[in-house]
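>>> structure of the sequence below:
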Amino acid sequence: MKYISTRGQMEPIGFQDAVMTGLAPDGGLLLPEVLPRVAGKLEEWAQLSYQELVFEVMSLFATDIPPADLAELITDSYASFDAAEVAPSVEVGGFRILELFHGPTLAFKDVALQFLGNLFEYILEQRGGKLNILGATSGDTGSAAIHGVRGKPNINIFIMHPAGRTSPLQEKQMTSVLDPNVFNLAVEGTFDDCQHIMKTTFADVDFKTVHSLGSVNSVNWARVLAQTVYYFYAAFRAMEHTGARSVQFSVPTGNFGDILAGYLAQQMGLPISRLILATNENDILSRFFNSGIYGMAEVFPTISPSMDIQVASNFERYLYYKVGQDAEKLVTLMDGFTENGSLSVELNENGVVDDLFVAGRGDTASTLEIIKRYQDEYGYVLDPHTAVGVLVAEQFKSDTTPTICLATAHPAKFTQAIVDATGEAVHHPTLDALADVETRCDSIANDVDAVKQYLVNHI
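Numbers count the residues shown, from 1 in each chain. I've put the predicted structure just below:
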């Protein structure tokens, strides 16, 4: 399997090179040359454990890793999860809630980043050299990435987060990791600013090469690939439980990476009838799928901070498929977006952007209301991101097709929102243990050159 850039200006490369490259040298995002079709494998795959399913999916894409090595990487990566299934589903209020928060940092990012951390280490052991990871986080990616590579030889990790715009516990999970290879940077700006600094730094190919920079953000193909697996796993369990022949998923998203994984699973042949895209007040993605216009707006801080994003980095991958995998058209659209802050696509014959997608948004009041309602009626506490997904899913519920809602984080990570909604705090021992721990973090200007100089000084 070879990988190409959405912008068409690089030669195809193998999986290991794609993992180490992160963002393509031409500024594009990497995708497989051809998506494998797996419809004929679904009946067999439905009988597999989660780890076995990861192996089958990964084997189609990681063709330059020996099967025995890949199997060991997968076993090691999911050993730290506290649920035997890794990603179990529970019935709540007529939905199936896919719990993706059973990893070490209690967020869905662990599913991919535990694997990616081990994968980086494996590749460096094969090839030698060092890796300096530069990442941006709106909340959960940072702690999951840090826990995936902390203490690993020949790897440093530099994580930028928007100062004061993550939840206190999200920040504590990052800044309490004191391993000498871990660096936390509080940027005076928004997540979009952090992401801009990261992409601009990676676009400086000479700087990236000299300093051996790599990415853990979902611009890294391995992140998205690992996330496709739980769509297959959850769909198999739902179809077995209900006898249905297809499913629909509701996905709270800000950066489009999680729902892109579902889109790719559907394109590979998983019978997903509909993807329900859910945003908070930062609704560039829901506006796009309802109008065809992708236009920037002000970033509002909300109680679901991991979705406080107005420039979704993985949107370019979807757009590449939307324009028929035409790199020139893609570049024209993205250049227009960079210049004008907006782009548009034509609606199809049904008057929508894509028949697979429906979209909606929730605001703070409605998110708090649904958290309280689900606790009162079902005894189940939704974190504020998951609550947005459930809120929008209620608008598109089907009587015949199971709806699977992605639960992206444990509610204890968002104490204040849960208290505001229900009057009671939710606890988790992993988070309670952070109460009085030492932290380390450096403040830095919202400036590309300042971050580059920090890297030079600390690598």
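
>>> Leu330 against Arg7, yeah?
Yes: the criterion here is C-beta atoms under 8 Å, and Leu330 meets it with Arg7 at 6.5 Å. C-beta here means a position set from N, CA and C on the backbone, and glycine is covered the same way.

>>> those helices in the stretch 151-300 of the chain, which residues are they?
For the stretch 151-300 of the chain, the helices defined by DSSP state H, counting those that start in this stretch cover 168-175, 191-203, 205-210, 221-242, 257-268, 284-291.

>>> okay, angle between the longest one and helix 257-268 too, please.
Between helix 221-242 and helix 257-268, the angle formed by their directions is 70 degrees, by axes from the mean of the first three to the mean of the last three C-alpha atoms, to 10 degrees.

>>> flag every buried residue along helix 221-242.
221-239 (16 or more other C-beta atoms under 10 Å).

>>> quick one: residues in contact with stretch 194-214.
With C-beta atoms under 8 Å, 6 or more residues apart in numbering as the test, stretch 194-214 has contacts from 20-23, 25, 27, 120, 129-138, 160-162, 187, 215, 217, 219-220, 309, 311, 313, 446-448, 451-452, 455-456, 459.

>>> list the contacts of Arg317.
Arg317 touches Thr6, Leu29, Leu31, Val224, Phe256, Leu260, counting by C-beta under 8 Å, 6+ apart.

>>> the nearest residue to the fourth one once chain neighbours are set aside: neighbour count?
Counting by C-beta to C-beta, 6 or more residues apart in numbering, Val224 lies nearest to Ala261, which is 5.2 Å off, once chain neighbours are set aside. Burial of Ala261, expressed as a neighbour count using other C-beta atoms under 10 Å, amounts to 26.

>>> my read: Ala261 touches Gln227, true?
Yes: with contacts counted by C-beta under 8 Å, Ala261 reaches Gln227, the gap being 3.6 Å.

>>> mind checking the SS state of the closest residue in space to Lys41 that isn't next to it in sequence?
Once flanking residues are discounted, Lys41 sits nearest to Glu56: 7.2 Å by C-beta to C-beta, 6+ apart. Classification of Glu56 using DSSP: H, G, I helix; E, B strand; the rest coil returns helix.

>>> how close does Glu56 sit to Phe337?
37 Å (C-beta to C-beta, to the nearest Å).

>>> these two: which has the busier surroundings?
Phe337 (19 against 15).

>>> pretty sure the more buried one sits against Val331.
No: contact between Phe337 and Val331 fails when scored by C-beta under 8 Å: they sit 10.6 Å apart.

>>> who touches both of the two?
By C-beta under 8 Å, 6+ apart, no residue touches both Phe337 and Val331.

>>> pass me the low-pLDDT residue ranges in the stretch 151-300 of the chain, would you?
Within the stretch 151-300 of the chain, no stretch has pLDDT under 70.

>>> and if we set it to 90?
Across the stretch 151-300 of the chain, the ranges flagged by pLDDT under 90 are 165-170, 191-192, 203, 205, 215-219.

>>> ok so, going back, show me the contacts for the residue nearest to Lys41.
Lys41, Trp45, Leu48 are the contacts of Glu56 under C-beta under 8 Å, 6+ apart.

>>> distance to Pro168 and pLDDT for those - can I get that in CSV?
Output for those, formatted as CSV (distance: C-beta to C-beta, whole Å; pLDDT from 0 to 100):
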residue, distance to Pro168, pLDDT
Lys41, 44, 98
Trp45, 41, 98
Leu48, 39, 98
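
>>> inside helices: which ones of the residues you listed?
Among those, the residues falling in helices (DSSP state H) are Trp45.

>>> just curious, which of the contacts of Glu56 is nearest to Ser143?
Distance to Ser143, by C-beta to C-beta, is smallest for Leu48 among the contacts of Glu56, at 29.4 Å.

>>> what's the local residue count around that closest one?
Look at Leu48: counted by other C-beta under 10 Å, it has 16 neighbours.

>>> leaving out the residues flanking it, which one is nearest to it?
Take Leu48 and drop its neighbours on the chain: the residue closest to it by C-beta to C-beta, 6+ apart is Glu56, 6.6 Å away.

>>> over to Asp193?
Asn446 (5.0 Å).

>>> pretty sure the one you found is in a helix, no?
No: under three-state DSSP, Asn446 sits outside any helix and is assigned coil.

>>> what about the residue of the chain positioned farthest from its centre, which SS state?
Here the chain reaches farthest from its C-alpha mean at Glu349, the gap being 30.9 Å by C-alpha atoms, centre = their mean. Here Glu349 is coil, with the state taken from three-state DSSP.

>>> so how far is Leu333 from it?
Taking C-beta to C-beta, one finds Glu349 at 21 Å from Leu333.

>>> re the thing from before, between Leu330 and Arg7, what contacts are shared?
Counting by C-beta under 8 Å, 6+ apart, the contacts common to Leu330 and Arg7 are Gly28.
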